[in-house]
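In: this one's sequence-less:
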C-alpha cells in the first residue's frame, strides 16, 4: 500500500512537482493516512530551495487546504453536537468521531471553540465542549497502545491524587492465585 514506509509522501511530492488537481485529489483521498512523521518530513523538505522544496511547499498547501475544508465541516458538526436534544449525547459524539476520516480538524475546532467560550466567560458552553473533548479523547485512546493511552490520561488529569491512583492501578503488580485443585490428586497425577 502507498502509505507504507513513506511511500505516500513520496507520491505526494511527485504530484507536487507536477502541480494541478491531481495533487489536491490525492491529498483528499489519502488525508487520513498522512502521519505526523510525514508532516515533519514535509516541513523539513519545504525549507530546501529548488525543485524539492517547491514540491514540498505545494504538498503542504494542498494539505492545508484539505485541513481548512475539514475544519469548516467540523465547525458545523460541533454546532450540531452543542445544540442537539437527541438521546444519548455520548453515543452521538462517538458516531461523529467515527465518521471523521481524521480526528485532527474536529479536535482543532473543538479546542478553538473551548478557548473562545472560556474567553467569553460562558461556563456552560465551556463545560459542554470539554465533555465532548473528553469523550473524543477517550475514544481515540482506545485505538492507541495502552502505554500511550495511560500517558495521555495522566497528562490530561490535573488532580495529583487521581493521577497517583491511576498509576497505582496500572503499575502495581497483581498477585494471581493458583488454580484450585479439583480433587485430592496432586498436580503430577494427571489421568
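Out: Nice, thanks for sending it over. These numbers were taken from a predicted model, which means no experiment stands behind them.
In: for stretch 36-56, list every residue counted as buried.
Out: Neighbour-count burial for stretch 36-56 flags 38, 41, 42, 45, 46, 54, 55, 56 (criterion: 16 or more other CB atoms under 10 Å). (Each C-beta comes from the backbone N, C-alpha and C, glycine too.)
In: can you check stretch 78-96 too?
Out: 78, 81, 92, 93, 94, 96.
In: out of the residues you listed, which sit inside strands?
Out: Using DSSP state E, no member of the buried residues of stretch 78-96 sits in strands.
In: for those, work out which two are farthest apart.
Out: Farthest-apart pair in the buried residues of stretch 78-96 is 78 and 94; separation 14.7 Å (CB to CB).
In: pretty sure residue 55 contacts residue 17?
Out: Yes - counting by CB atoms under 8 Å, residue 17 is a contact partner of residue 55 at 4.3 Å.
In: hmm, back to that, now the buried residues of stretch 78-96 in a markdown table, with pLDDT and distance to residue 134?
Out: A markdown table is the format used below for those (pLDDT from 0 to 100; distance: CB to CB, whole Å):
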| residue | pLDDT | distance to residue 134 |
| --- | --- | --- |
| 78 | 90 | 14 |
| 81 | 86 | 13 |
| 92 | 87 | 14 |
| 93 | 87 | 9 |
| 94 | 88 | 12 |
| 96 | 87 | 14 |
